[in-house]
Every structure is written in structure tokens, then in C-alpha cells.
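**Q** My questions are about this predicted structure, shown below with the sequence.
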Amino acid sequence: MDTKKEKTGWFARLKNGLSKSRVNIIGIFSGGVIDDDFMEELEFQLISSDVGVETSAKIIEELKDQIKLKGLKNQDQVKEALRDVIETRLKPCEKKPDLESHHPAVWMMCGVNGAGKTTSIGKLAKYFANENKSVLLAAGDTFRAAAREQLEIWGERNKIEVIAQEKGDPASVAFDAICSGKRRGTDVVMVDTAGRLPTQSNLMNELARIRKVQGKALEGAPHEVILVLDGTNGQNALMQVKSFDEVAQLTGLIITKLDGTAKGGVLLALAAMREDPLPIYFIGVGEKIDDLQTFNAREFANALVGIEN
Ligand SMILES: Nc1nc2c(ncn2[C@@H]2O[C@H](COP(=O)(O)OP(=O)(O)OP(=O)(O)O)[C@@H](O)[C@H]2O)c(=O)[nH]1
Ligand SMILES: [Mg+2]
């Protein structure tokens, strides 16, 4: 009962958050005929929802195939078919994080300023603790004292230790935290980093260095390099993925702020970026500690087109 209530709560937040595009997509499912005009309008709404021009065109093609193949007549059927097309496209991004193969499993977070890295680390610390994993946080954002304090507050709240240095450099904080995690037998070490823009080449190179030094503390670390993306950034997310991947070899994504003004379609664009797309491990649906959910393609597709879960 409680679980169901909880689930409804976050799903409602996600749905409300995505309502900007949902209203648009739903708005066109108003009971009329399925003709060329309808399909064109739908394509327009997909593009407006940050799906991207190319991917929107492909989705429409796939949907048309389904309509023909299954002889779909009414709009409810087409809406469900659209949900299925979206789900199929997002499914390769659904992946459960592996916390078993490495001890500790080292996760490094990166992203542009304000994307939600530190908040997501706080939420993840709780998620991992719920999975009975011990967690250590590395305050790798050494630029601002406030950033360290922010992480320390999250740590205190969850009774999780934070490794920080007064004036340290981020690479050595990460190194220390991993060594300390190894000594204590910690399950997961999460390394926070300062926000940086793809255009700031010094900072981007520094990220490569922070990444590299972790391998000296523990072979193969970091095991996950996560780009935290602000869901309200729209198509700009694609450029961020390319730039961060170049310097830090990304292994996964977290998309935040899907409860806000995000239009959500960008997940489809991200899924279409390559054959074997980056996993979307989690999505952020609010500012509170429980507002992080594992990514589920079907639930997300339902929220996007406005079908109840
Ligand atoms: N609504 C909403 N707000 C979020 C979410 N995730 C993060 N935020 C907010 O986004 C703001 C920035 O979050 P931070 O976690 O500090 O972002 P950051 O990436 O660590 O920022 P820098 O370290 O400055 O680069 C905060 O006000 C968070 O509360 C989310 O899923 N939903
Ligand atoms: Mg931060």
C-alpha cells in the first residue's frame, strides 16, 4: 500500500514535470481522425519536446508502420502504439547499476554548473544505503568551501562519512577517498567534482586528470563516470555528452529536474545518439532526498504521452 502510494507520488511529479510536452502531445489526441495532418502535428509536438528533428521523424515512421501493421483505427490505440515506440527506443538505456563487481565501486560525477551533481550524490548515498551498501563521499569540488559543506550536510543527514581537504586539489581528494574506502572495505565511493563548461578547456583537462589518478588508487577506477544532466537544458544535453565523454569516457547518465520545466523528449535524443547508448541510471524528480528514481523506460514513456502507469 505504502509502496504504491510512494510510486504514485513520484510518478505524478514526473508526469506534472513533463506536462509541458505532455499537454501538447495529449492535446492532439482529441478524438479526431488519424490522417497525415495528425501525424504532422504529432511530429511537430515531438520536435517541440526536445526529441530532435531526426529522431522525431524516425519515431513517426515507426509509428506509421505500427498503424499499418496492426490496422490501428482510433487515437487511443495510436497513443498506446506511440508509447510502445518510445519505450522500445528508451529500453536500451535501462540498466541496473553494478555494485557487486568492484570493491569499492567507484563512481565519479561530472557535469556543468548547477546540473545537480551534489544533490544527486546525496540522494544516491541514501539509495545505496537502502541497498545495504556502505558509502564514502569524496568532496572533489574543492573550488568552493560551500560545495564541501553542502556535501558534508548530506553526509551528516545520512550518517555517511565525507572525505574532504581544506585546500586540497580534487584529484588528491579522490585518491585519498578511494584509498580510505579500500582500507575500510567500503562498498561504494562517490566522487563529487566541481561544475564546468565544455568550453573551459583547463577545467575539462583537469577532469581527465581527476579520472586518471583514481586508477592509481584502485585499478579500473572509476568504474562509473556519470554525467549529470539538467533535464531542462534540452538539446544542449547532447553537446554536453559529447564533450564530457571525450575527456572523461562516460559510462552513464543521471537526468535531473524532470519535475520542473523539462520537456523530457531529450531522453529520446540521448538514446538515439549511438548504437549502444549510455545507460540512464537514475532520474531526478525533485529536490528532496527521496526524489531520485531508477530509470524505467515504460514508466517514462507513459509519463511522456500521458498514460497512467
Ligand atoms: N526540482 C529539482 N531540483 C533539483 C533536482 N536536482 C537538483 N536540483 C536543484 O538544483 C540546484 C543545483 O543542485 P546541485 O546539486 O548543487 O548542483 P551541482 O551540479 O552540484 O552544482 P555545482 O556544484 O555548482 O556545479 C539545487 O537547488 C538543487 O536542489 C531535481 O531533480 N529536481
Ligand atoms: Mg556541486
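**A** Received it, and whenever you're ready, just let me know what you need. Residues are numbered from 1 along each chain as shown. Ligands and ions are numbered 1, 2, ... in the order given.

**Q** Tell me the secondary structure of whichever residue of the stretch 1-150 of the chain sits closest to ligand 2, please.
**A** Of all residues in the stretch 1-150 of the chain, T118 sits closest to ligand 2, with a separation of 3.3 Å (CB to the ion). Yep, even glycine has a C-beta here, placed from its N, CA and C like the rest. Under the three-state scheme (DSSP: H, G, I helix; E, B strand; the rest coil), T118 adopts helix.

**Q** Is it in contact with A146, as I believe?
**A** No. If you go by CB atoms under 8 Å, T118 and A146 don't touch, sitting 10.0 Å apart.

**Q** about what we covered before: give the contact list for the residue of the stretch 1-150 of the chain closest to ligand 2.
**A** Neighbouring residues of T118 by CB atoms under 8 Å, 6 or more residues apart in numbering: D141, A147, Q150, L151, W154, D192.

**Q** okay, the residues you listed in CSV with neighbour count next?
**A** Output for those, formatted as CSV (neighbours: other CB atoms under 10 Å):
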residue, neighbour count
D141, 23
A147, 20
Q150, 18
L151, 27
W154, 22
D192, 30
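
**Q** Those also near ligand 2: which ones?
**A** A147 (CB under 5 Å from the ion).

**Q** Local confidence estimate at the nearest residue to A217 once chain neighbours are set aside?
**A** Computed as CB to CB, 6 or more residues apart in numbering, the closest residue to A217 that is not its neighbour in sequence is I178, at 3.8 Å. With respect to pLDDT, I178 scores 97.

**Q** I178 looks like it's in a helix, true?
**A** Yes. According to three-state DSSP, I178 belongs to a helix.

**Q** And for it, the neighbour number?
**A** Using other CB atoms under 10 Å, the number of residues around I178 comes to 26.

**Q** Check A237 too.
**A** Using other CB under 10 Å: A237 sits among 24 other residues.

**Q** what's the answer for the one 5 residues further on, then?
**A** Neighbouring residues of K242 were enumerated by other CB under 10 Å; the total is 12.

**Q** List of residues touching the helix or strand containing it?
**A** According to DSSP states H and E, K242 maps onto helix 236-248. Here helix 236-248 makes contact (CB under 8 Å, 6+ apart) with 52, 108, 110-112, 198, 204-205, 207-208, 211, 225, 227, 229-231, 233, 250, 253, 255, 266, 269-270, 273, 278.

**Q** which bits of the stretch 101-250 of the chain sit near ligand 2?
**A** Residues of the stretch 101-250 of the chain found near ligand 2 (CB under 5 Å from the ion) are K117, T118, A147.
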